[in-house]
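Output the structure for:
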Amino acid sequence: MSSKMYVGIDIGSRCIKVVALNGNGVEDSKVTDTGFNPYERSLEMIKTYKAKRIVATGYGRHFAREDFADGVITEIKAHAVGARFLFPSCRTIIDIGGQDSKVISLDEGGKIADFQMNDRCAAGTGKFLEIMAKTLGFSLDDFGVQSLAAERSVKVNNMCTVFAESEVVSLLAKKENPRSIALGLHQSVVDRISSMLHRVGVANEIILSGGVGRNPCIRQLFEQKLDRPVYTYANPEIVGALGAALVAASNQP
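Numbering: from 1, shown residues only. Reported below is the predicted structural model:
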């Protein structure tokens, strides 16, 4: 690998993502589970690079700064920079991560104008969807596809993970179709995040980032709710790491 590498690392609660840039763009990227020792896992992921500069983001950015990172940025800035690089006209970013969800509004120049963040509970996050998928007997990768196959939606009233899980079990006992329950859960997530979106304002283009960006049901429901297209990157989970790598290459912060 090139000795002129700029590396961004996003140390999240669920996954660690790394992006390495050279003078021509993205040279490498990788994603792994955070595991029980995110520090050791982070070191393992970056050791293959001869990094000129490393910038960290995510909840683990502070221990990274104490050891191997040259700089740190917030997840808000990381996703704003990464999304704007991939979609130069984007004005609204929906980032659904493992244990939090964020909506970010950008001005015409790409600067952060406002944001809302849900980080106090798992409702409306990837972890919430992961637990619900398991309760319904679906794999996480297949959860969105199965939801879209539902003939109708069954409303789930609780968004607290513990109570929602109990409600789902009760609905299954009443012989409700698991796909219908799954669609109702997806709609609850979209409704919750849409309320955050409207507090910051919605402007085109709208970008869905984070690992949940791979879920086709979430994307389709947002498009229906907002009545406009929602775009996502082929590897939406690396958008934050890409933003950190771009900041590293610009010699900021």
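
contacts, neighbours, all on C-alpha from now
Will do.

shaky segments in the stretch 101-250 of the chain?
Where the stretch 101-250 of the chain drops to pLDDT under 70, the residues are 119.

mind running it again at 90?
118-125, 158-160 (pLDDT under 90).

So which residues of it form helices?
126-136, 140-148, 161-173, 178-200, 216-226, 239-249 (DSSP state H, counting those that start in this stretch).

contacts for the second one?
In this case it means helix 140-148. Here helix 140-148 makes contact (C-alpha atoms under 8 Å, 6 or more residues apart in numbering) with 129-130, 133-134, 138, 179-180, 182-183, 186, 215-218.

Apply 10 Å and report the result again.
126, 129-134, 136-139, 153, 178-187, 212, 214-221 (C-alpha atoms under 10 Å, 6 or more residues apart in numbering).

tell me how far that helix is from the chain's mean position?
17 Å (C-alpha atoms, centre = their mean, to the nearest Å).

between that helix and helix 126-136, how many degrees?
70 degrees (axes from the mean of the first three to the mean of the last three C-alpha atoms, to 10 degrees).

Next, the buried residues of helix 140-148.
Buried residues in helix 140-148, counted by 16 or more other C-alpha atoms under 10 Å: 140, 143, 144, 145, 146, 147, 148.

Please apply the same query to the third one.
Buried residues in helix 161-173, counted by 16+ other C-alpha under 10 Å: 161, 164, 165, 167, 168, 171.

As JSON lines, those with distance to residue 113 would be great.
Compiled in JSON lines, the buried residues of helix 161-173 are given as follows (distance: C-alpha to C-alpha, whole Å):
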{"residue": "161", "distance to residue 113": "31"}
{"residue": "164", "distance to residue 113": "34"}
{"residue": "165", "distance to residue 113": "36"}
{"residue": "167", "distance to residue 113": "38"}
{"residue": "168", "distance to residue 113": "38"}
{"residue": "171", "distance to residue 113": "42"}
